[in-house]
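Enquirer: I would like to see how this sequence folds:
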Amino acid sequence: MKLGLFLPAVPDSKWTLARQAGIDYAITKAAPELTGLKPIWDFATLAGIHARFRDAGFRLMAIEGDEFDMSRIKLGLPGRDEDIEHYCAMLSNMGRLEIPVLCYNFMAGVGWFRSRVDIPARGGALTNGYFPADMPAAELCLSHEQLWDNYAYFMRAVMPVAAAAGVRMGLHPDDPPVPELKGYPRIMTSAASFRRAKALAASPAWGISFCQGTFRSMGEDIMALIPEFKDDIIFVHARDVEARDGGFVETFHDNGPTDMAAVMRQYRRCGVDCLMRPDHAPTMAGEDNSSPGYAIMGRLLGAAYLRGILRAIEQENR
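Expert: Residues are numbered from 1 along each chain as shown. Reported below is the predicted structural model:
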C-alpha cells in the first residue's frame, strides 16, 4: 500500500507536518474556490500544482472531489456537455502529468454531509456524526432512475478519455449512504449499486474509492467486499464509524469497532496494493473545528497507526 494524505493544493503547515511524519504521497482537491486559480482543466494550473507538490518532496497521486461545479452533469441540466468537455480536459491533463487516480462521486446537490459536528470523543476531542432524526423530510427534485441515467450518460462520455489518459476513476460511495438527502436522491448507497455502476461504465478505467467507513455505515461486510472488489479497488479511505441512535459517529482510527489489522491483512491476501489515506478523524486539542474531519492531528495519528499495521504485516510475510 502507498500511504498518502489529503492535503490542500496551496502549501501550508499541513504540508510541513506531513513531510515530518514521513508522508511521501499527496492527494488534493484543486477547485478554484480553494486555490484562487483557474480550474484544472487548464493545463498550466494543474502543472503548477503538481510542481509545487514535487518540489516539496511529495508525489501527487490523486485528485479528489468535485474540481468545479458538477451540478449540471449530475442533475442532467442544460450545459452538461460543456462541463463534460472540461472534465475530459482535466482527465487528459492528469494523464500528461502522470497523476494516476481521480477520486470522484455522484452525490447530487449535497456532497458528504454530517448532521452534527461537535460530538465529544476520546479525551475531549470533537467528532462528527449523522442522525436521520435530525433531517426534515423533503420532496425529491428528481428520481433515483433519472440520477442513474445521468450517471450512465457521464460514464459514456468520460470513460474512453480516462482510459486513453491512463487515469483510473475511483467512484466514492455516497456519504452518508441514505436514500435521499435534502431533497436529492442518493444512488451509490450499497454494494449492489457499485455492481450496477461497474456494469454501466464497462471500462477498465472504472474503479472504486473504497471508503471503509461508508461501506460499514451501509451495513455491508467490508471483509467480504474486499475479495469481490479486489480488482476494482484503486484507492482506500481508511476510517471507522460506530452505530448510534439510528445513525453513526466517526471514531479515531484506533478505537472504532473495525479490526483495522484484519482489514489490512485482507487487502494483502487479496492482492490489493494501491493508494491509501487516513480519512476523517476527530478534531484534537489546540485545533479549531472549522473543517470537521479534516483537522491535521487526528489524521496524522491515523497515518502513524496505519503505517505501524502495514509494517507489521510486511514483517509477518517476510
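
Enquirer: okay, stretch 248-258 in PDB with CA atoms only?
Expert: Taking Å, rounded to 0.1, in the frame of the first residue of the first chain, the C-alpha atoms of stretch 248-258 are listed here in PDB:
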ATOM      1  CA  PHE A 248     -23.400   6.800  13.200                       C
ATOM      2  CA  VAL A 249     -20.500   8.700  14.700                       C
ATOM      3  CA  GLU A 250     -16.900   8.700  13.400                       C
ATOM      4  CA  THR A 251     -14.200   7.400  15.600                       C
ATOM      5  CA  PHE A 252     -10.400   7.700  15.800                       C
ATOM      6  CA  HIS A 253      -8.700   5.100  13.600                       C
ATOM      7  CA  ASP A 254      -7.500   3.100  16.600                       C
ATOM      8  CA  ASN A 255     -10.700   2.900  18.700                       C
ATOM      9  CA  GLY A 256     -13.600   2.100  16.400                       C
ATOM     10  CA  PRO A 257     -15.300  -1.300  16.100                       C
ATOM     11  CA  THR A 258     -13.400  -2.400  12.900                       C
END
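
Enquirer: Going along the chain, name the strands of the stretch 201-318 of the chain.
Expert: Assigned by DSSP state E, counting those that start in this stretch, the stretch 201-318 of the chain shows strands spanning 206-211, 233-238, 241-244, 247-250, 275-278.

Enquirer: Could you export these as TSV, including mean neighbour count, distance to D149 and mean pLDDT?
Expert: (Each C-beta comes from the backbone N, C-alpha and C, glycine too.) Output for the strands of the stretch 201-318 of the chain, formatted as TSV (neighbours: other CB atoms under 10 Å; distance: least, CB to CB, whole Å; pLDDT from 0 to 100):
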stretch	mean neighbour count	distance to D149	mean pLDDT
strand 206-211	26	17	98
strand 233-238	25	25	98
strand 241-244	16	31	97
strand 247-250	22	30	98
strand 275-278	25	31	98
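
Enquirer: Of all those strands, which one is nearest E139?
Expert: Of all those, it is strand 247-250 that lies closest to E139, at 22.1 Å by CB to CB.

Enquirer: Can you name every helix or strand that the closest one contacts?
Expert: strand 126-130, strand 241-244 (3 or more CB pairs under 8 Å, 6 or more residues apart in numbering; DSSP states H and E).

Enquirer: thinking again about what came up before, of the strands of the stretch 201-318 of the chain, which is nearest F113?
Expert: Ranking these by proximity to F113 (CB to CB) places strand 247-250 first, at 11.5 Å.

Enquirer: Which strands border that closest one, and is each parallel or antiparallel?
Expert: strand 126-130 (antiparallel), strand 241-244 (antiparallel) (DSSP bridges).

Enquirer: still on that earlier bit, dump the strands of the stretch 201-318 of the chain to CSV, plus distance to Q146.
Expert: As requested, those are arranged in CSV below (distance: least, CB to CB, whole Å):
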stretch, distance to Q146
strand 206-211, 21
strand 233-238, 28
strand 241-244, 30
strand 247-250, 27
strand 275-278, 33
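
Enquirer: Can you say which of these is nearest to D134?
Expert: Per CB to CB, nearest to D134 of these: strand 247-250, 8.1 Å.

Enquirer: any idea how far the closest one is from the chain center?
Expert: 17 Å (CA atoms, centre = their mean, to the nearest Å).

Enquirer: hang on, isn't P160 packed against S203?
Expert: Yes: judged on CB atoms under 8 Å, P160 makes contact with S203 at a distance of 7.4 Å.
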